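**Q** Have a look at this fold, sequence not included:
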Ligand code: NAD
């Protein structure tokens, strides 16, 4: 609140009550022309926020703390002509760290050590079963945006060779050895030890990691998915993990969320599951407000185009 008031003195700031049952009086709703959904994302609050702002007849701009806006609630604002902007990028660091954490758990014997620890068993991994060196392994990152670029940057510190999949060619400063267009993914899969998904869900990316792409990965390769569940053929993924074709997976997103209790993914060894929670970090709200909302507020005030505007 202080930061917003300092950025735009004299702006009337209405803080929506943290109470799902609260209703704003019509004369207050009429005075709202900008709204910031600032990240109290528990469902009751979200519902009351969206119900209130949807009923604001003069709302012109909605900025959200979220990165992705595939939730249908956002479409309703776009359809009535409200400008929508996101904080895409504000959670890239913690998500990339979760991806690297998942990779390290699979690359080093953490799952085995943790299992032995729970049994109070001293079971060193013998040299004959030593895991492969990480340095020199090949990572493919689909979606070289805020998250994918941060994953690539961190992975290179471990000596991985990173290839990005993107429609536009390699640019100066890209944290990858090479960039290939999406059409080359099936061929690239054959040379991929770690397949990272960090692209948006679009008609082009739905089912992109098909049964064929999974089959093309070398035996023992691992999948790290923080994009959306629908980017992968989940039935084929389960099969590839169960047969041992894939060495493991770190999965934050699923075709159906919450992941149903009877999903085979829960019980597969070498699968690490986080409940669409890879982004969780105390600094997210500050990063979204300072890095995205306030700069956009200044742009809105100056009549300039917004950053991360959804079209
Ligand atoms: P971003 O917009 O910065 O990056 C997305 C990148 O994907 C862009 O560079 C875009 O050009 C690229 N892309 C689009 N279509 C592609 C395709 N067909 N093939 C290859 N690349 C393609 O977004 P971001 O902040 O990095 O987030 C990426 C996605 O991750 C989001 O759209 C969202 O679905 C997902 N996400 C998940 C979580 C989570 O909690 N797991 C949180 C934030 C975002």
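**A** Happy to help now that I have it. From a predicted model like this one, the values you see are computed outputs, not experimental measurements.

**Q** Return the residues in contact with whatever residue of the stretch 51-200 of the chain ends up closest to the ligand.
**A** In the stretch 51-200 of the chain, no residue comes nearer to the ligand than residue 145, which is 1.6 Å away by C-beta to the nearest ligand atom. C-betas here are computed from N, CA, C, even on glycine. Counting by C-beta atoms under 8 Å, 6 or more residues apart in numbering, residue 145 makes contact with 88, 89, 198, 199.

**Q** again, 10 Å this time
**A** 67, 88, 89, 92, 166, 198, 199, 200 (C-beta atoms under 10 Å, 6 or more residues apart in numbering).

**Q** Show me which residues of the stretch 201-311 of the chain are close to the ligand?
**A** Contact residues (C-beta under 6 Å from any ligand atom) of the stretch 201-311 of the chain with the ligand: 201, 202, 204, 205, 226, 227, 228, 252, 253, 276, 278, 279.

**Q** re the thing from before, show the buried residues in the contacts of residue 145.
**A** Neighbour-count burial (16 or more other C-beta atoms under 10 Å) is assigned, among these, to 67, 88, 89, 92, 166, 198, 199, 200.

**Q** I'd guessed the third one sits against residue 198; true?
**A** Meaning residue 89. No - applying C-beta atoms under 10 Å as the test, residue 89 and residue 198 come out as separate, 11.9 Å apart.

**Q** Identify the contacts common to those two.
**A** Here residue 89 and residue 198 have 145, 146, 147, 149, 150 as joint contacts, going by C-beta under 10 Å, 6+ apart.

**Q** which among those end up buried?
**A** Among these, the ones that count as buried by 16+ other C-beta under 10 Å are 145, 146, 147, 149, 150.

**Q** ok, the fourth one - contacts?
**A** By C-beta under 10 Å, 6+ apart, the contact set of residue 149 is 89, 92, 96, 141, 143, 162, 164, 173, 174, 175, 176, 198.

**Q** For the first one, which three-state class applies?
**A** What it means is residue 89. coil (DSSP: H, G, I helix; E, B strand; the rest coil).

**Q** quick one on the thing from earlier: mind putting the residues of the stretch 201-311 of the chain next to the ligand in a markdown table, secondary structure included?
**A** Rendered in a markdown table, the data for these read as follows (three-state DSSP):
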| residue | secondary structure |
| --- | --- |
| 201 | coil |
| 202 | coil |
| 204 | coil |
| 205 | coil |
| 226 | coil |
| 227 | coil |
| 228 | coil |
| 252 | coil |
| 253 | coil |
| 276 | coil |
| 278 | coil |
| 279 | coil |
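
**Q** Would you tell me which one of these comes nearest to residue 261?
**A** residue 276 (15.8 Å; C-beta to C-beta).

**Q** What distance do you get for that closest one to residue 198?
**A** For residue 276, the distance to residue 198 (C-beta to C-beta, to the nearest Å) stands at 14 Å.

**Q** re the thing from before, for the ligand, tell me which of the buried ones among the contacts of residue 145 show up nearby.
**A** Restricting the buried ones among the contacts of residue 145 to those near the ligand by C-beta under 6 Å from any ligand atom leaves 67, 88, 89, 92, 166, 198, 199, 200.

**Q** where's the dip in pLDDT among the residues you listed?
**A** Among those, residue 67 carries the lowest pLDDT, at 77.
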